[in-house]
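>>> Sequence first, then the predicted structure, then my questions.
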Amino acid sequence: MDPTVARLKAEATLRVRGNRYEDFEPGRAFTHHWGRTVSEADNTLFSVLTLHYNPQYTNAAMAEAAGHPRIPVNPLLVFNTVFGLSVEDLSEGGGPFLGVDELSFVEPVYPGDTLYASSEVVSRRLASNRPGYGIVTWHTRGTNQRGEAVIAFKRSNLVRTRA
């Protein structure tokens, strides 16, 4: 091993990231920081890279024909962005993602909109077949810069306990 790498590993301090199962009391609320402004380039690139060729997300005439004032942001990009904003507080501590339920796209998002996220712990229980882990479910809401709801969903993760 390279001596510099060995020295860095020896001197490194292991830091536990994220919350643990015990931190997620039902009813606890999180206002996730930062927010993210979605650009037209983000939307086009996401749609093309994910092979999501619904023309209303890349073609202004098609978007207008579908009743939009301009090209809307691909809803899957909205979901991924809001989900991503919640990771540091909710699931960064590790543990497999178990799924999403009750996903609702409330209002369209347009390039230039800034997305924000907040979540509330819905439930938690210890995993019966995985010692050291619990299952936590959160209800996450995404809003735009005007505070208008744009997306809502519940998601669950396997979350490590402190033990």
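Arrived safely.
>>> now the residue nearest the centre of the chain: how far from M62?
Nearest to the mean C-alpha position of the chain, counting by C-alpha atoms, centre = their mean, stands F83 at 1.1 Å. Using C-beta to C-beta, to the nearest Å, F83 is found at 27 Å from M62. (Glycine included, C-beta is placed from N, CA and C.)
>>> ok, now A29?
39 Å.
>>> more neighbours, these two?
Shown here are A29 and M62; by other C-beta atoms under 10 Å, M62 has more neighbours (14 against 10).
>>> in the helix or strand hosting the more buried one, what counts as buried?
Using DSSP states H and E, M62 maps to helix 60-65. Residues A63 are the ones in helix 60-65 that count as buried (16 or more other C-beta atoms under 10 Å).
>>> Would you mind writing the CA trace of it as CSV?
C-alpha atoms of helix 60-65 as CSV (Å, rounded to 0.1, in the frame of the first residue of the first chain):
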residue,chain,number,x,y,z
ALA,A,60,-42.3,23.2,-26.4
ALA,A,61,-45.1,22.7,-29.0
MET,A,62,-46.0,19.4,-27.5
ALA,A,63,-46.0,20.8,-24.0
GLU,A,64,-48.3,23.6,-25.1
ALA,A,65,-50.6,21.2,-26.9
